[in-house]
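S.K.: Requesting a structural model of the entry that follows:
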Amino acid sequence: MFNEFKAFIARGSVLDLAVGVVIGAAFTAIVTSLVDDLINPFIGLIVGGVDFSGLSFGLGDAQFMYGNFITAVIKFLIVAWVIFLIVKGVNRLMPKKPEAPPAPAGPTDNDLLKDILAELKKK
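M.R.: Residues are numbered from 1 along each chain as shown. Have a look, this model is predicted:
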């Protein structure tokens, strides 16, 4: 069982995934700082000093912090945009695979029927 586990962990895709998770966690801290410290104050300046983290409403004893949700959406959009740009850049750098030539066209039904007719006439 230990050998199977070791073989599973040693596969390239698992290691790539682990590296991606670690880098993603580190990137989250950067995006959080970007949104909280730069983007939200800028948006707040544009819309008249609104701080998203303070936006909420209450129903009874429940407090709904929809400002935190807005901040999370902004963070998601930034991460998605950066990932899009990274993938687009990597795709440009990757060599393009040559397209395989189309398979040669086989004989049509009419050609086959003509061949059969020619064989029958020989007999």
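
S.K.: Just the buried residues of the longest helix belonging to the chain, please?
M.R.: Determined from DSSP state H, the single longest helix within the chain is helix 66-93. Neighbour counts over helix 66-93 (16 or more other Cβ atoms under 10 Å) mark 67, 70-71, 74-75, 78-79 as buried. C-beta here means a position set from N, CA and C on the backbone, and glycine is covered the same way.

S.K.: What of stretch 45-61?
M.R.: In stretch 45-61, counting by 16+ other Cβ under 10 Å, buried: Phe52.

S.K.: So which residues of this protein form strands?
M.R.: 57-59, 62-64 (DSSP state E).

S.K.: who does the first one touch, helix- and strand-wise?
M.R.: Just to be clear, that refers to strand 57-59. strand 62-64 (3 or more Cβ pairs under 8 Å, 6 or more residues apart in numbering; DSSP states H and E).

S.K.: One more: the last one?
M.R.: Here strand 62-64 touches strand 57-59, going by 3+ Cβ pairs under 8 Å, 6+ apart.

S.K.: Pairing partners for the strand it packs on, with directions?
M.R.: Applying DSSP bridges, strand 57-59 is found paired with strand 62-64 (antiparallel).

S.K.: average model confidence for the strand it pairs with?
M.R.: What strand 62-64 shows for mean pLDDT is 87.

S.K.: Can you tell me the closest non-neighbouring residue to Gly58?
M.R.: Phe64 (7.0 Å; Cβ to Cβ, 6 or more residues apart in numbering).

S.K.: Relative to Ala72, how far out is the one you found?
M.R.: Separation of Phe64 from Ala72 (Cβ to Cβ, to the nearest Å): 14 Å.

S.K.: and Asp115, what does it touch?
M.R.: Pro107 (Cβ atoms under 8 Å, 6 or more residues apart in numbering).

S.K.: how far away is Ser53 from Thr28?
M.R.: Distance from Ser53 to Thr28, by Cβ to Cβ: 17 Å.

S.K.: Next: Ile116.
M.R.: Counting by Cβ to Cβ - Ile116 and Thr28 are separated by 69 Å.
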